[in-house]
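Peer 1: Everything below, folded, please.
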Amino acid sequence: MLANRADVREISALSLSEIAIKNSVGKLTFSKADVTTGLSDLRVRVLPFSFDHALEFFDLPPHHSDPFDRQIIAQALSEDIPVVTCDDRFRLYHGLKVMW
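Peer 2: Below is the predicted model of the structure:
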């Protein structure tokens, strides 16, 4: 699915925020230019976090404690889109499609 150039690839704006935060504390070494170039080269569309995504939190069980991951889970459930992750805790959320 990810190899098919016709498929839509999306990344949450939340993931970009997390990359920026980790970059600022030295856990990653991506510049803003690296990120924008990578998104363009990979033809990735940025999915904003919306009111509807935030409302999904009301029904979200507390299986995961990381606030960024919980927001991404809520966003994916609201949009009915899969998440690419190796984090097994994502699989605890009923209805969430996890790839990896």
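
Peer 1: so how many other residues sit close to the closest residue to residue 31 other than its chain neighbours?
Peer 2: Ranked by CB to CB, 6 or more residues apart in numbering and with sequence neighbours excluded, the top spatial neighbour of residue 31 is residue 23, at 7.7 Å. In this view, the C-beta of every residue, glycine as well, is placed from N, C-alpha and C. By the criterion of other CB atoms under 10 Å, residue 23 has 16 neighbours.

Peer 1: Would you mind listing the outside residues contacting stretch 52-65?
Peer 2: 70-71, 73-75, 77-79, 87, 89-90, 92-93 (CB atoms under 8 Å, 6 or more residues apart in numbering).

Peer 1: so which of the residues you listed is the most crowded?
Peer 2: Ranking these using other CB under 10 Å puts residue 73 first, with 27 neighbours.

Peer 1: for that residue, what are its contacts?
Peer 2: Contacts of residue 73 (CB under 8 Å, 6+ apart): 60, 64, 83, 90, 93, 96.

Peer 1: Between which two of those is the distance greatest?
Peer 2: The distance between the two most remote of these (CB to CB) is 13.5 Å, for 60 and 83.

Peer 1: between the two, which one's more packed in?
Peer 2: residue 83 (20 against 15).

Peer 1: shouldn't the more buried one be in contact with residue 97?
Peer 2: Yes. Counting by CB atoms under 8 Å, residue 97 is a contact partner of residue 83 at 7.1 Å.

Peer 1: Overlap in contacts, the two.
Peer 2: Shared contacts of residue 83 and residue 97, counting by CB under 8 Å, 6+ apart, come down to residue 76.
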